[in-house]
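Asks: How does the following fold in three dimensions:
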Amino acid sequence: MTADNLEKLLESGQAPAVLDVRSELEFKSGHIKNARHAPLPNLLKSAAAAVELKSDPLVLVCEHGPRAQVAAMYLKFRGYKSVELLDGHMSQWRSSNRPMKQGA
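Replies: Purely as a prediction, here's the structure:
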């Protein structure tokens, strides 16, 4: 999913669930508004809490991509059907001065 699309969906209140798979320190330093912190060890629990159905859309976010790619493969293996990665990841979101929330 592109950052532009996600930002528009967030502004409209129609955004998919956003799971941030970075560390706690990274998440607290700045994350996408309404993103749920979902570090890899807690990924399934976080995903289940974020969506009602495994067919509901999820967008995964990490700093540069590798953790989100691992998370996407794992969630798809566990039956989640609509899993996307944020294009450019948090590094691009941050560098393009998009809105972020600090703290937990």
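
Asks: which helix is the longest one in the protein?
Replies: Counting residues, the longest helix found in the chain (DSSP state H) is helix 66-77.

Asks: Now do the helix or strand following that one: which elements does it pack against?
Replies: On the C-terminal side of helix 66-77, the nearest following helix or strand under DSSP states H and E is strand 83-85. Strand 83-85 is packed against strand 58-61, helix 66-77, with contacts defined by 3 or more Cβ pairs under 8 Å, 6 or more residues apart in numbering; DSSP states H and E. For every residue, glycine as well, the C-beta is placed using N, CA and C.

Asks: which parts of the following helix or strand past strand 83-85 are buried?
Replies: Sequence-wise, the next helix or strand downstream of strand 83-85 (DSSP H and E) is helix 89-95. The neighbour-count criterion (16 or more other Cβ atoms under 10 Å) identifies 89-90, 93-94 as the buried residues of helix 89-95.

Asks: Over to stretch 60-71?
Replies: Residues of stretch 60-71 classed as buried by neighbour count (16+ other Cβ under 10 Å): 60-63, 65, 67-68, 71.

Asks: Throw the buried residues of helix 89-95 into CSV and include pLDDT, thanks.
Replies: As requested, these are exported to CSV (pLDDT from 0 to 100):
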residue, pLDDT
89, 95
90, 96
93, 96
94, 94
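
Asks: Relative to residue 38, which of those is nearest.
Replies: Compare each of the buried residues of helix 89-95 with residue 38 using Cβ to Cβ and the shortest gap goes to residue 90, at 13.3 Å.
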